[in-house]
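[1] with the input below, show me the fold.
(chains A and B)
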Amino acid sequence: MTLTSKLLAVTALVAASGASATELEVMHWWTSGGEAAAVNEFAEAFNATGNTWVDAAIAGGDGARAVMVSRLTGGDPMGAFQFNHGRQAEELIEAGLLRDITDIAEAEGWKDIVNPPSLLDSCTVDGRIYCAPVNIHSWQWLWLSHKAYEDAGVAVPTNWAEFVSAGPALAEAGKIPMAMGQQGWQQAGAFSVLIASLLPSEIYNSVYGDKDTDVAGGAEMAMVFKAAADAREMATKSTVQNWNDATALVIKGEAGGQIMGDWAQGEMAVAEVTAGEDYSCLPGLGTNPRLSTGGDAFYFPVLNDEAQTAAQTELARLMLAPETQVAFNLKKGSLPVRGDVDLAAANDCMAKGLALLEEGALLPDVNQLITPDTNEQLKTLFTEFFADASMTPEAAQEEFVKIIGSAD
Amino acid sequence: MASERPNQLFRNGSAKIAAIPMIVTALFVFVGGTVWTVVYSFTKSGLLPRLNWVGLDQYERLWATRKWLVAIENLVIYGFCMLVLVFVIGFVLAALLDQKIRFENTVRTIILYPYALSFVVTGLVWQWILNPEFGVESIVRGWGWESFSFDPLYNADIAIYGVLIAGLWQGSGLVMVLMLAGLRGIDQEVWKAARVDGIPTWKTYIFIVIPMMRPVFITTLVLVVTGIVKLYDLIVAQTGGGPGIATEVPAKYVYDMMFQANNLGQGFAASTMMLVTVALIVIPWAILEFGGSKNRG
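    Predicted coordinates:
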């Protein structure tokens, strides 16, 4: 079995390198400065194989996913597309629209190199592998602007409690204590960060994983809702919409901090500020250093064209190759999916992430645990909660329990 | 008798044959699509349509969802205000323009111009105008009125009225032009007769001219109402449904459910409810409008 598939893969590779420039349309939603620079690394590496990367970027993950799905279901598949792996692609796989890439994975030995293994598990349905994980993104980071705290005359916080108590001093100095974009995914995301960082892992797992309504309605969770109310108060003056606009507030020192995933690191890199000097980052909000391992993955639709199928194989193999992994992830600010590459150029923040990865202080990503439907409901709840200061934490928790109770 | 029947059916035969593709397309696309949507609204379809029946579950969930209730409430507020105001403003503007003023063409073009802009542009323009940092509020404050506050888009209680302003700005011009055409269609003799009888101008408008303009009013009504029900792009461009969920509308709920939540069943249920609402308004009206005329005729 393994031998045959290896042989098959090798033939496919030979066929691919023999084929003259096959165009492969790749869809993704990496459009901010750091993201675009990172995806360009893939494009260059792919073009170097003699194939042509046709870039089809759509700004905004929500809109992009809608376009991708309608093209797939409408019978006009692209060559490859980015998704957050997890439950988003479940139905597409069940409908047989996506290519089974188990043979490539086995030939390349992904099982042995992908770390943490949960990334590959998220690509696996009924024992078959359907996607190539390309990076590890974690949500649990608090980004702090040194300038904002200096201007306000307080020390840069080292955990969530200090961050909250420094809030009034920042507000007095005319700063926004906490930057937050007014979009549901950011708000719902920040909330799950609070759960993961302020409470033990078991609670995170039983709320999002087991959908345990007793835990979701319990006293510990009530504490997280109070923390969310604190965050709401600190972010009152933050009227920006996009996450990178909020990050820009932190970079410029107009805002104290922001809860955002490690992709914010890419923006820091583009703005050429230095970790540890201009800004600091606290994994697990400094309180409970622990990361969730979500990330991006590429899926390959079933295509009839043989040359394009071969190009897909080439692309999948390339995406996990050590050199591309390093080049891509350094630009993107994310962590590589393979434990065996050397990230000597990693900065302070990435080093912290790598250390946690090695330690195994890891959680599954929310997207791996809940369906897009539940996710949408949570987004609605938290946009409402963060926009409406009259909504009490208790009322929000009651709604939250209802959503978790009806999730599947 | 029997020899005349076929004549009726085949009269204009070529025209009828030419119309067949259109009739088939209309039946297949509109009726077929509607039936399909209603049928699948009783299923638990996720990302892809599938026939796994769940009865009325989707509807139960729909009516238990706050976002949907807020959306309905917003549509009612927006629809009612829009309908009343757009007719009042449109008619008053048309009546003013009808006074044989100078530069009528110029004024008419200026007022109609916003209608040439898409809702997306309208939404963005008004998002900026209503932004407290560089819109109306900052201008008035710049004039010295420091405490002036006008930021409807940032206040959840009145945000929908901020959208309404943009909608009115965009739609009034069209209503005005239609009304003006209607006014021009009124025979000058009517005005002369009214003047001879000594009826004040405003009374002539309300009791004589407006009833005579009934067909124009109905056309305008249909245009305005369809615009209200499909309200979506203005919201997306201007507020994105925010702050919070304060300016959600049913069409946006349908989109969010179908394409963001990957929950087709729920989206279909919501669109079916929109269809039912429209049908509840249109069917009685159509019966009154067209059913009655048979009896009269």
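
[2] OK, contacts around B:D256?
    When contacts are counted by C-beta atoms under 8 Å, 6 or more residues apart in numbering or on different chains, B:D256 is found next to A:E376. Any C-beta I mention is one placed from the backbone N, CA and C, and that applies to glycine too.

[3] look at it and give its secondary structure.
    helix (DSSP: H, G, I helix; E, B strand; the rest coil).

[4] need the per-residue pLDDT for it.
    With respect to pLDDT, B:D256 scores 91.

[5] can you list the residues of the stretch 251-400 of chain A near chain B?
    A:371-373, A:375-377, A:380, A:383-388 (C-beta under 8 Å from any C-beta of the partner chain).

[6] with the stretch 51-200 of chain A instead?
    Residues of the stretch 51-200 of chain A lying near chain B (C-beta under 8 Å from any C-beta): A:62, A:65-66, A:69-70, A:73, A:88, A:90-92, A:95, A:182-183.

[7] report the buried residues of stretch B:86-105.
    B:V86, B:F87, B:I89, B:G90, B:F91, B:L93, B:A94, B:A95, B:L97, B:D98 (16 or more other C-beta atoms under 10 Å in any protein chain shown).

[8] how far off centre is it?
    22 Å (C-alpha atoms, centre = their mean, to the nearest Å).

[9] start and end of that stretch, how far apart?
    21 Å (C-alpha to C-alpha, to the nearest Å).

[10] residues in contact with it?
    Contacts for stretch B:86-105 (C-beta under 8 Å, 6+ apart): B:107-108, B:111, B:167-168, B:171-180, B:182-184, B:205, B:210, B:217, B:220, B:224.

[11] number of residues surrounding whichever residue of the stretch 101-250 of chain B sits closest to chain A?
    Nearest residue of the stretch 101-250 of chain B to chain A: B:G244, at 3.1 Å (C-beta to the nearest C-beta). Counted with other C-beta atoms under 10 Å in any protein chain shown, the neighbours of B:G244 add up to 24.

[12] per-residue pLDDT, it?
    So B:G244 comes in at 85 (pLDDT).

[13] now residue 162: which helix or strand?
    Going with chain A. Using DSSP states H and E, the element containing A:E162 is helix A:160-165.

[14] meant chain B, my bad for not saying
    helix B:159-184.

[15] right, and the helix or strand after that helix?
    Next along from helix B:159-184, by DSSP H and E: helix B:188-196.

[16] residues in contact with that next one?
    B:T204, B:I208, B:V209, B:M212.

[17] in the helix or strand that comes right after it, what's buried?
    Sequence-wise, the next helix or strand beyond helix B:188-196 is helix B:201-203, with elements assigned using DSSP H and E. Residues of helix B:201-203 classed as buried by neighbour count (16+ other C-beta under 10 Å): none.

[18] swap in stretch B:115-131?
    B:Y115, B:F119, B:T122, B:G123, B:V125, B:W126, B:Q127, B:I129, B:L130, B:N131.

[19] interface residues of the stretch 101-250 of chain B facing chain A?
    Counting by C-beta under 8 Å from any C-beta, the stretch 101-250 of chain B sits next to chain A at B:Y154, B:A156, B:G240, B:G241, B:G242, B:P243, B:G244, B:I245, B:A246.

[20] TSV for those, including secondary structure?
    Output for those, formatted as TSV (three-state DSSP):
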residue	secondary structure
B:Y154	helix
B:A156	coil
B:G240	coil
B:G241	coil
B:G242	coil
B:P243	coil
B:G244	coil
B:I245	coil
B:A246	coil
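
[21] filter the residues you listed to the buried ones?
    Among those, the ones that count as buried by 16+ other C-beta under 10 Å are B:Y154, B:A156, B:G240, B:G241, B:G242, B:P243, B:G244, B:I245, B:A246.

[22] so who does the closest residue to the second one other than its chain neighbours touch?
    Think B:A156. Setting aside the residues directly before and after it, B:A156 is nearest to B:A246 in space (C-beta to C-beta, 6 or more residues apart in numbering or on different chains), at 3.9 Å. Applying C-beta under 8 Å, 6+ apart to B:A246 gives the contacts A:A387, B:V70, B:N74, B:A156, B:D157, B:A159, B:I160, B:T239.

[23] could you do A:A407 as well?
    A:K211, A:I370, A:T371, A:D373, A:T374.

[24] let me know the secondary structure of the first one.
    Spelled out, it's A:K211. Taking three-state DSSP, the label given to A:K211 is coil.

[25] run through chain B and note the low-pLDDT ranges.
    Low-confidence segments of chain B, defined by pLDDT under 70, span residues B:1-7, B:9, B:292-297.

[26] all strands of the stretch 251-400 of chain A, in order?
    A:255-259, A:279-283, A:291-292, A:296-299, A:362-363 (DSSP state E, counting those that start in this stretch).
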